[in-house]
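A.B. asks: Provided below for reference: sequence and predicted model.
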Amino acid sequence: MSAAAGAAPDARAASLTAVVVRLKLSLLGNGLRRSGGRRAAFVTSAVVALLFAVLQLLGLIALRGHAHIASAVVPGAAVLAVGWAVMPLFFPGGDETLDPTRLVMLPLRPRPLVRALLAASLVGVGPLFTVLLLAGCAVAVAHGAAAAAVSAVAVVLALLVCVALARAVAAANIRLLTSRKGRDLAVLSGLVVAVGTQLVNFGMQRLGTAGLGTLDPVAGVLRWVPPASAIGAVDSASRGAWGVAAAQLALSTAAVAALLATWSRTLTRLMTAPDASTLQDDGGAVRERAGRSGAARLLPAGRTGTVMERSLRYIWRDPKTKAAWTTSLAIGLIVPVFNALQGTGSPYFACFATGMLGIQMYNQFGQDTSAFWMVALTISSPRDAYVELRGRALALLLITLPYAVLVTVLTTGLLGRWPELPEVLGLSFALLGAMLAAGAWTSARFPYSIPQEGYKNVAPGQIGLAWISLFGGLIAAALLCSPVIALAVWANVSASGPRWTWLLLPAGAVHGAVLTLAGLRLSAPRTAARLPEILTAVSRS
C-alpha cells in the first residue's frame, strides 16, 4: 500500500514534466507559425549558433595537448554560466515558460514544478549550443578512459548548473522582468552585445600577443567555482589528482542542489505572496513631485528649462531613448579608450565619442511619437520653434559637452600625448556644433517615427527617411566642420604649424557655437511651417 502511495506522486511528477515539455514545444511551434519572417529568423539564428558551436567544438578538440588549454576551457565554462545568468534579464521574452506566475492558479507544488520546468529548460537551441561547447571543453582536457568517464559527468553537471542558475535568476527577478523597467532592460540588450563584443575583441587581441598562459591565475581560481569546477575536475582526473577531481565535482553537485533549493523557495513565495505592484503607496507620488521640483530648480526659467527637463526625462525614462543614449555613451568611451590601452589609438579617436552623442540630435521629434501634438500646440511662430529646438540642444549639450571633454582627456592621457589635447578638444567642439546644426535641420526636414514596442527603431515605410536623415546629416556635419579639419591638417603638416595648434581650441569652440546658433535659426522657420507634416510622420506605427 505504501509503495503504491509513493509511486503515485512520482507518476504525477513524471506526467507534469511531460506536459510542461510538450507545452514548451507547442509554444515554440506556435511562435514559428505566427509569421514567415519569424520562422526564417529563428532558423537562421539556430543554424548560425549551432555552426559556431560545432566549429568551437572542433577547435577545442584540435587544441588537445596544448600546455595551457586548461587555462582557456575553465574560464570558458564560467563565461557560459554568466551568459545563462544574464540572458533572462535581457531577453525575458525568449522563453515563455520563464514566468512561473502564469501557473499560479493551477494546483502545482514547487518540487514537481521545479523538475518539470528544469526539463523544459533543456529543450531548445540554447541547451544544445551549451552542450556542444561544454563537450569541447571537456574533451580538450580529457586524457585517458577514466578522465573521459569523468568528462561525461562533468558536462551534465555544468549544464545543470547553467540551466538552474538561469531559472533561479529569472524567478527571483520575474516581477522586474514583467514591469516597465524589465522592458527597459530588454531594450538595453543591444548595449550588452555591443560592449561584450568590444570586450571579447580586446581580450582576444591580448591573448593573441601574450598567449594562453596569461589566463593561468584566473583559471586557478575559477577551477573551484561551479560550473567551471566540473571542467576543472576533468583536468584534475587527467593528471591523476582524483581527490581534487572528486572535490570539484562535489562543488558542482552542491551548486546544482543549492540553486534548485533557491529556485523552489522563490517559486513558493511567488505562488503565495501578493504582487507588490497592486499595493497602494500614497507617499510615492509625493516623493516624486518633491524630487521633480528640486531638479527643475537647476534649469533655466521659462520654456527653455521646461523643454530641457522634458528632454532629460525622455533620456531617463523612455526605453528607446535610454537605450540609444546608453549605447552611445558606452561605445563612445570604449572605442577610443580600448584602442589607447592597446597602444594603437590616436587622440583624434576621442572625436568618435562626440559623433556618437551628436547623432542623438537627429530626429528630435521622432522620440515624441504621437505626443508631438502637445508640442505642436505650443508653437505658433518661428520664435517658439527656435526656443523649442534650443532647449533640446541645450539638454544634449548638458551631457555631451562634459562627456566629450572627459573622453578626450582620458584618451590623450592614456597615450601620453598631452600637447595634442587643445587641437583634439577644438575639433570635438566644432564637430559637436556641426552635428547639432545638421540634426536640427534634419529633424524638421526628415522626421520619422520610432516604434515604442519591439526592437525596430524605424516605422515601416520610413527606412528611406531614416537613411537620408542620418547619412545626409553626417555628410552635412562633416562639410560644416571642414574649415576646422583643414586647419588641423595644416597645423600637423606645416613646418610652422605645431606652434599654432593651441589656436584650434578657441577656433573650434567658436566655430561650433556659431554653427549651432545658425542651424537652430535656420531650422526654426521650417519647423514652424511643417508642424502638421512632422506630426503625421512621427505618429506612424
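C.D. replies: Sure, I can see it.

A.B. asks: which helix or strand in this structure has the lowest average pLDDT?
C.D. replies: Within the chain, no helix or strand scores below helix 282-296, which has a mean of 49 by mean pLDDT, DSSP states H and E.

A.B. asks: how about whatever helix or strand comes next after that helix, which residues are buried there?
C.D. replies: Per DSSP states H and E, the first helix or strand lying C-terminal to helix 282-296 is helix 302-317. The neighbour-count check on helix 302-317 (16 or more other CB atoms under 10 Å) flags 304, 305, 306, 307, 308, 309, 310, 311, 312, 314, 315 as buried. Backbone N, C-alpha and C define where each C-beta goes, glycine included.

A.B. asks: how close does the nearest residue to the second one once chain neighbours are set aside get to residue 311?
C.D. replies: Distances taken as CB to CB, 6 or more residues apart in numbering place residue 299 nearest to residue 305, at 3.7 Å, with adjacent residues excluded. As defined by CB to CB, to the nearest Å, residue 299 lies at a distance of 10 Å from residue 311.

A.B. asks: for residue 434, same thing?
C.D. replies: Residue 434 is 20 Å from residue 311, by CB to CB.

A.B. asks: ok, now residue 78?
C.D. replies: 41 Å.

A.B. asks: residue 322 touches residue 315, doesn't it?
C.D. replies: Yes - counting by CB atoms under 8 Å, residue 322 touches residue 315, with 6.3 Å between them.

A.B. asks: that older thread, need the contact list for the residue nearest to residue 305.
C.D. replies: Applying CB atoms under 8 Å, 6 or more residues apart in numbering, we find residue 299 in contact with 305, 308, 309.

A.B. asks: ok, so of those residues, who is nearest residue 414?
C.D. replies: residue 308 (32.9 Å; CB to CB).

A.B. asks: skip the chain neighbours and tell me the closest residue to the closest one.
C.D. replies: residue 395 (4.3 Å).

A.B. asks: my read: that neighbour touches residue 311, true?
C.D. replies: Yes - using CB under 8 Å, residue 395 makes contact with residue 311 at a distance of 3.7 Å.

A.B. asks: low-confidence stretches in the stretch 1-150 of the chain?
C.D. replies: 1-14, 31-32, 34-38, 41, 88-105 (pLDDT under 70).

A.B. asks: please, where are all the helices along it?
C.D. replies: 2-33, 36-62, 70-90, 110-121, 125-141, 145-172 (DSSP state H, counting those that start in this stretch).

A.B. asks: which parts of the fourth one are buried?
C.D. replies: Think helix 110-121. 110, 112, 113, 114, 115, 116, 117, 118, 119, 120, 121.

A.B. asks: save these as TSV, and put in distance to residue 522 too.
C.D. replies: Output for these, formatted as TSV (distance: CB to CB, whole Å):
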residue	distance to residue 522
110	65
112	69
113	64
114	64
115	67
116	64
117	60
118	62
119	64
120	59
121	58
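
A.B. asks: wait, isn't residue 500 in contact with residue 491?
C.D. replies: Yes - look at residue 500 against residue 491 with CB under 8 Å: they come within range, at 5.9 Å.

A.B. asks: okay, the two: which has more neighbours?
C.D. replies: residue 491 (19 against 14; other CB atoms under 10 Å).

A.B. asks: what's the domain layout of the protein?
C.D. replies: Taking automatic domain parsing as the criterion, the chain consists of the domains 2-182+210-274, 297-538.

A.B. asks: coming back round to it: got the contacts of residue 299 as a markdown table, with pLDDT and distance to residue 369 columns?
C.D. replies: As requested, the contacts of residue 299 are exported to a markdown table (pLDDT from 0 to 100; distance: CB to CB, whole Å):
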| residue | pLDDT | distance to residue 369 |
| --- | --- | --- |
| 305 | 88 | 23 |
| 308 | 90 | 20 |
| 309 | 88 | 19 |
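
A.B. asks: of all these, which comes closest to residue 130?
C.D. replies: For the contacts of residue 299, the nearest to residue 130 is residue 309 (46.5 Å; CB to CB).

A.B. asks: gap between the closest one and residue 319?
C.D. replies: 19 Å.

A.B. asks: sorry, back to before: nearest to residue 539, of the buried residues of helix 302-317?
C.D. replies: Distances from residue 539 to those, taken by CB to CB, are shortest for residue 314, at 16.6 Å.

A.B. asks: the closest residue to residue 155 other than its chain neighbours - how many residues pack around it?
C.D. replies: The shortest distance from residue 155 to any residue other than its chain neighbours is 4.7 Å, reached at residue 134 (CB to CB, 6+ apart). Counted by other CB under 10 Å, the residues lying close to residue 134 total 27.

A.B. asks: quick one: contacts for residue 134?
C.D. replies: Contacts for residue 134 were tallied using CB under 8 Å, 6+ apart; they are 77, 80, 154, 155, 158, 159, 231.

A.B. asks: can you check residue 424 too?
C.D. replies: Taking CB under 8 Å, 6+ apart, one finds 347, 348, 350, 351, 408, 412 in contact with residue 424.

A.B. asks: could I get these as JSON lines with distance to residue 532, pLDDT and secondary structure?
C.D. replies: Conversion of the contacts of residue 424 to JSON lines gives the following (distance: CB to CB, whole Å; pLDDT from 0 to 100; DSSP: H, G, I helix; E, B strand; the rest coil):
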{"residue": "347", "distance to residue 532": "46", "pLDDT": "87", "secondary structure": "helix"}
{"residue": "348", "distance to residue 532": "43", "pLDDT": "87", "secondary structure": "helix"}
{"residue": "350", "distance to residue 532": "41", "pLDDT": "88", "secondary structure": "helix"}
{"residue": "351", "distance to residue 532": "38", "pLDDT": "89", "secondary structure": "helix"}
{"residue": "408", "distance to residue 532": "42", "pLDDT": "91", "secondary structure": "helix"}
{"residue": "412", "distance to residue 532": "48", "pLDDT": "89", "secondary structure": "helix"}
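
A.B. asks: neighbour-wise, give me the winner out of those.
C.D. replies: Result: residue 350 is most packed of these (other CB under 10 Å), 29 neighbours.
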